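>>> Here is my input; please provide its structure:
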Amino acid sequence: MKHYLKKLEDTIREHWDQKALCDYEGESFTYADLAKHVEMFRLFLNESGITKRNKIAICARNSARWAIAFWDINVNGCVAVPLLADFHPNSVSALTNHSDSVMLFTDEDIWKKLNPAQMPALKAAINVKDSTLLWHRDEQVAQAWENRENLFLQQHPSGMKPEQVSYSTKNWDKLAIINYTSGTTGNPKGVMLTYGALSDTDDFANSHFPNEPGETIVSMLPMAHMYGLAIEFIHPNVDGVTVYFLGKTPSPTTLLKAMRDVQPYMVVTVPLVMEKVYASSIKPALEKMRMLLNIPRVNRLIYSTVRKKLLAAFGGKVRCFIMGGAALKPEVEQCFQKMRLPFTVGYGMTEACPLLGWEWWTDFVPGSCGKPVHDIRIDSTDPKNVAGEIQARGRNITVGYYKNPEANAVAFTDDGWFRTGDLGTIDDEGNIFIRGRIKSMILNSSGQNIYPEEVESVLSGCPYVVESIVVDRNGKLVALVYADIPEDMDAASRNSIPEQIRTAANKALPVYSRISKVEMMDLPFEKTPKMSIKRFLYK
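Residues are numbered from 1 along each chain as shown. Sure, this is the predicted structure:
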């Protein structure tokens with residue numbers, strides 16, 4: 001297995017003048033530019049008193065300069081602490097403090113909401129947008145930062161040359177990243193990931209969804225999450241792929257324009273984005289030809305035509321759509337299967353850097369989340385039929401949570417397997433099927449395990465349903481539903497919708513998990529930064 005920093009070194013040397021990092025419709029940086037920034041940061045560290053293994057946080061929206069800040073930190077042996085820009089200012093301060101970060105890359109809008117007094121270890125804050133000094137507590141750090149370009153010119157009076165690029169790879173077991181899974185500050189869970197874990201993820205990605213230097217990809221997922229950081233940025237960038245940062249909310253219109261312009265080789269996203277594309281473009285087109293879809297040979301031609309148009313809309317070069325972070329709605333998954341769209345749904349979490357399950361689209365089994373990336377076991381006496389906790393081990397797995405012995409004590413089994421907290425089964429071919437979360441499982445009065453996520457999956461295929469959660473009220477299952485109802489629908493039809501949804505769902509559900517009542521919600525459910533519903537708010 002090759003260290004990802006060795007790959008980055010080789011790529012910089014071989015593709016010196018190629019674009020490496022670009023803001024879509026904005027500024028761009030070549031691999032030569034990247035090398036210069038990393039070298040300036042090395043010289044800054046030498047003068048600043050900040051040393052390897054010190055923690056440095058990044059809290060800003062995705063951009064090419066965010067990526068440069070990460071490489072500055074990561075290549076030079078400091079520990080990167082990515083924080084989501086949408087975290088509450090109090091959370092940003094608390095997590096910067098908890099991580100013992102000595103520097104913070106952010107922007108003016110975020111910085112003006114923070115209180116340096118709440119971050120006593122912080123020595124300086126840098127504006128990620130233009131590299132200016134926003135604030136400092138340590139004069140040595142401030143002077144070194146302001147002088148870093150002069151230091152570079154003294155070291156490289158004729159400019160830096162490709163052959164001068166050399167990055168240390170004697171750090172496999174050293175800490176590379178602390179990634180906080182949420183903005184919760186009561187008991188922070190900073191996931192610790194090593195350089196070896198990042199190398200392992202890159203190695204797997206290179207074997208299973210390889211790329212070529214000069215290809216392109218659009219980064220739309222937050223790089224403060226491992227999914228976006230490892231799969232959309234690190235893996236392609238070290239291989240010579242030009243990364244374009246969308247920098248905007250990926251609405252169907254914005255996303256498809258960027259895709260047409262950039263022509264990516266791969267699309268990495270969450271199901272919600274592709275569900276929006278389906279609802280806005282694919283479903284309306286198919287509904288116009290509803291009668292023709294009942295004719296066997298004609299329907300194949302229609303689905304093939306829609307597939308070609310969709311691939312063209314995404315730039316025409318996509319080899320695979322990779323989705324993760326949640327399950328894909330059954331209606332959408334079934335349509336994509338009929339279209340023969342090259343898509344797959346994976347399984348992962350921050351603690352696995354982030355991959356746990358994956359399969360190439362031609363062998364992907366609908367409803368599953370692929371086959372194990374490394375070792376996975378199901379804590380069940382009958383793992384094919386009875387759901388048990390999914391447990392994992394491998395070089396990609398976290399070494400623990402930063403300064404959180406309580407969380408570490410329950411995160412691993414006595415024999416060293418990581419406990420995911422997910423319930424699942426695995427078939428004879430090794431395909432993983434997630435059934436739900438241990439914390440959300442409902443035990444009914446007859447002793448039957450009910451997984452709300454499975455009921456919600458059925459609900460997602462019912463008319464009008466946008467999203468739902470299922471709760472237990474005095475032994476009865478109640479579905480809370482946020483729906484998309486036409487504005488011109490009459491009152492009588494509108495009032496009948498809850499019962500329509502309940503009846504449709506119960507036809508597809510086993511008796512023990514049938515819904516007693518459907519309650520309509522006026523607003524979408526509140527979400528976490530990862531766009532998961534905050535279940536604890538709804539009873």
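>>> C-alpha from now on. contacts and neighbour counts both.
Fine.
>>> What ranges does the stretch 1-150 of the chain have for its strands?
19-23, 28-30, 55-59, 79-83, 101-106, 124-127, 133-136 (DSSP state E, counting those that start in this stretch).
>>> could the ones you listed be laid out in a markdown table, adding distance to Lys403 and mean pLDDT?
Rendered in a markdown table, the data for the strands of the stretch 1-150 of the chain read as follows (distance: least, C-alpha to C-alpha, whole Å; pLDDT from 0 to 100):
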| stretch | distance to Lys403 | mean pLDDT |
| --- | --- | --- |
| strand 19-23 | 34 | 99 |
| strand 28-30 | 37 | 99 |
| strand 55-59 | 13 | 99 |
| strand 79-83 | 14 | 98 |
| strand 101-106 | 13 | 99 |
| strand 124-127 | 23 | 99 |
| strand 133-136 | 26 | 98 |
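>>> Relative to Met289, which of the ones you listed is closest?
strand 19-23 (39.2 Å; C-alpha to C-alpha).
>>> now the closest one, how far from the chain's geometric center?
20 Å (C-alpha atoms, centre = their mean, to the nearest Å).
>>> could you measure the residue most central in space within the chain against Met40, distance?
Computing the C-alpha centroid of the chain and ranking residues by C-alpha atoms, centre = their mean puts Tyr227 first, at 3.1 Å. As judged by C-alpha to C-alpha, to the nearest Å, Tyr227 and Met40 stand 28 Å apart.
>>> need the contact list for Ile12.
31-32, 35, 162, 165, 240 (C-alpha atoms under 8 Å, 6 or more residues apart in numbering).
>>> Buried ones among these?
With burial judged by 16 or more other C-alpha atoms under 10 Å, the buried subset of those is 31-32, 35, 162, 165, 240.
>>> Buried residues, stretch 479-486. List them.
479-483.
>>> Can you show me the CA trace of that stretch as CSV?
Output of stretch 479-486 as CSV, limited to C-alpha atoms (Å, rounded to 0.1, in the frame of the first residue of the first chain):
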residue,chain,number,x,y,z
ALA,A,479,-46.0,7.9,11.6
LEU,A,480,-45.1,11.6,11.5
VAL,A,481,-45.1,12.7,7.9
TYR,A,482,-44.1,15.9,6.1
ALA,A,483,-45.8,15.8,2.7
ASP,A,484,-45.7,17.7,-0.6
ILE,A,485,-49.4,18.4,-1.3
PRO,A,486,-50.6,20.3,-4.4
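>>> tell me the average confidence for it?
Taken as a whole, stretch 479-486 has a mean pLDDT of 94.
>>> tell me how far that stretch is from the chain's mean position?
For stretch 479-486, the distance to the chain centre is 27 Å (C-alpha atoms, centre = their mean).
>>> How about residues contacting it?
Contacts of stretch 479-486 (C-alpha under 8 Å, 6+ apart): 464-471, 494, 515, 517-525.
>>> can you tell me which of those residues are in helices?
Members of the contacts of stretch 479-486 lying in helices (criterion: DSSP state H): Arg494.
>>> Test my guess that Ile68 contacts Leu34.
Yes: contact criterion C-alpha atoms under 8 Å: Ile68 and Leu34 qualify, at 6.6 Å.
>>> Between these two, point out the one with more neighbours.
Leu34 (22 against 19; other C-alpha atoms under 10 Å).
>>> ok, now which ones touch the more buried one?
20, 68.
>>> Quick check: pLDDT value at it.
99.
>>> Okay, it and Gly370: tell me how far apart.
Counting by C-alpha to C-alpha, the gap from Leu34 to Gly370 is 35 Å.
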